[in-house]
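Q: Dropping a prediction and its sequence here:
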Amino acid sequence: MDTKHVLLPFSTMKKQTPITTSPEGIPPGGDFRKARPIAARFSLSPKTIFRWSSRGYFPRYKINGRVVLFRESEVAAFIESGRVR
């Protein structure tokens, strides 16, 4: 049986957020936290933090194979930008 590969148009591909990595671990300066404490501060789900990052609203920083950190000030700035005044 011959299998064929299907190519999807570029517009259907999922947009990927670049993940910043640093050989020393956490990039210099900043208020880095895991998704759970940031989500708790803003009364959100940790999954929401990951989802917003995947959509490119703010970057995520992958420290090693399992640890992903977010800069709390970037998340707060994004939330503040969407606030209705």
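A: Structure received. Numbering: from 1, shown residues only.
Q: Neighbours of Ala40, how many?
A: When neighbours are counted by other Cβ atoms under 10 Å, Ala40 registers 12. Yep, even glycine has a C-beta here, placed from its N, CA and C like the rest.
Q: Tell me the pLDDT of it.
A: pLDDT recorded at Ala40 is 97.
Q: Tell me how far it lies from Gly56.
A: 23 Å (Cβ to Cβ, to the nearest Å).
Q: how long is stretch 43-62 from one end to the other?
A: 23 Å (Cα to Cα, to the nearest Å).
Q: In CSV, could you pull the C-alpha coordinates for stretch 73-85?
A: Provided in CSV are the C-alpha atoms of stretch 73-85 (Å, rounded to 0.1, in the frame of the first residue of the first chain):
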residue,chain,number,x,y,z
SER,A,73,5.8,41.7,34.1
GLU,A,74,5.2,40.6,30.5
VAL,A,75,2.0,38.7,31.4
ALA,A,76,0.8,41.6,33.5
ALA,A,77,1.4,44.0,30.7
PHE,A,78,-0.6,41.8,28.3
ILE,A,79,-3.5,41.6,30.7
GLU,A,80,-3.4,45.3,31.3
SER,A,81,-3.4,46.0,27.6
GLY,A,82,-6.7,44.2,27.2
ARG,A,83,-8.4,45.9,30.1
VAL,A,84,-11.4,48.0,29.2
ARG,A,85,-11.3,51.5,30.8
